[in-house]
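Provided below for reference: sequence and predicted model.
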Amino acid sequence: MSYKILLAKIILSCRAKDFLDGNLYMNTDAYFAAMDADDIARADKDEGADEILQIKEIAIANKNKKWIPIGGVKSPLIYRRGNKEGINILCMYSITNQDDFHFDERNLNFGDTAIVIKDAKEFINRFKSAAKIAGRRLLHGPVEYIDKNKHHGQMGPFKKFNNYSYQSEFRFVLFGGNGGAIRFPIGDIRDISLIYSSSELYKLARTKNNLTKKDS
């Protein structure tokens with residue numbers, strides 16, 4: 001990607017030590033899809049969607065070979081393909097130096113503490129090394145936010161509907177799991193981390209033009 005990025009994990013203070021120890025808690029897409037809608041920060045009933053189809057009309061042919069529209073069809077049609085290899089996801093917040101970036105205070109619902117990764121490239125390299133040792137495939141990147149009423153085609157773990165765009169999410173996705181949540185060890189990350197109150201993230205967003213580390 002051509003823009004510069006700073007990664008942060010917004011988390012409850014009681015879980016900060018575990019994260020700094022490098023024990024990254026990663027849940028499944030099914031977990032987020034099944035969460036109670038009252039958890040406005042984490043619940044997403046469309047998490048794990050593989051494809052979205054915009055349906056204008058469905059019709060069947062009668063005995064005279066005339067097409068008869070079928071009513072009651074709701075668009076879009078969202079399709080899933082099951083387990084998808086036992087995916088585990090780490091969701092992080094990204095601050096970029098793009099002109100239209102701003103911090104949305106709804107992100108404070110994720111926790112009172114922000115662990116800011118001051119070297120995203122090094123964090124990614126450590127994650128890659130740990131994944132290789134564990135024999136698991138790792139993908140990472142920013143989430144693309146799309147219009148639910150316009151997008152037609154593939155989805156996947158790096159696409160979400162644009163009502164979640166305020167989360168400015170950067171994801172790490174591990175494949176080959178057993179279908180449950182994990183704590184994935186990548187080693188202590190205190191040397192590349194800073195700890196803030198999550199309410200201070202807006203200040204970092206204001207100084208985003210000073211970001212110096214590029215993602216790769």
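Everything's here; your move.

Same question for the helix or strand harbouring residue 26: list its buried residues.
Assessed by DSSP states H and E, residue 26 sits inside strand 23-26. Across strand 23-26, burial judged by 16 or more other CB atoms under 10 Å covers 23, 24, 26. C-beta: built from backbone N, CA, C; applies to glycine.

show me where this structure has helices.
Ranges of helices in the chain, per DSSP state H, are 16-20, 29-34, 120-134, 201-206.

Pass me the low-pLDDT residue ranges in this protein, would you?
Where the chain drops to pLDDT under 70, the residues are 1-3, 33, 35-43, 57, 71-73, 75, 82-85, 206-216.

From the contact counts, what lies against the longest strand seen in the chain?
What stands out as the longest strand in the chain, according to DSSP state E, is strand 88-96. Where contact means 3 or more CB pairs under 8 Å, 6 or more residues apart in numbering; DSSP states H and E, strand 88-96 is packed against strand 5-11, strand 23-26, strand 169-174, strand 182-185, helix 201-206.

residues in contact with the spatially closest residue to residue 25 that is not a sequence neighbour?
Among residues not flanking residue 25 along the chain, residue 183 sits closest, at 5.5 Å (CB to CB, 6 or more residues apart in numbering). Neighbour list for residue 183: 18, 23, 24, 25, 26 [criterion: CB atoms under 8 Å, 6 or more residues apart in numbering].
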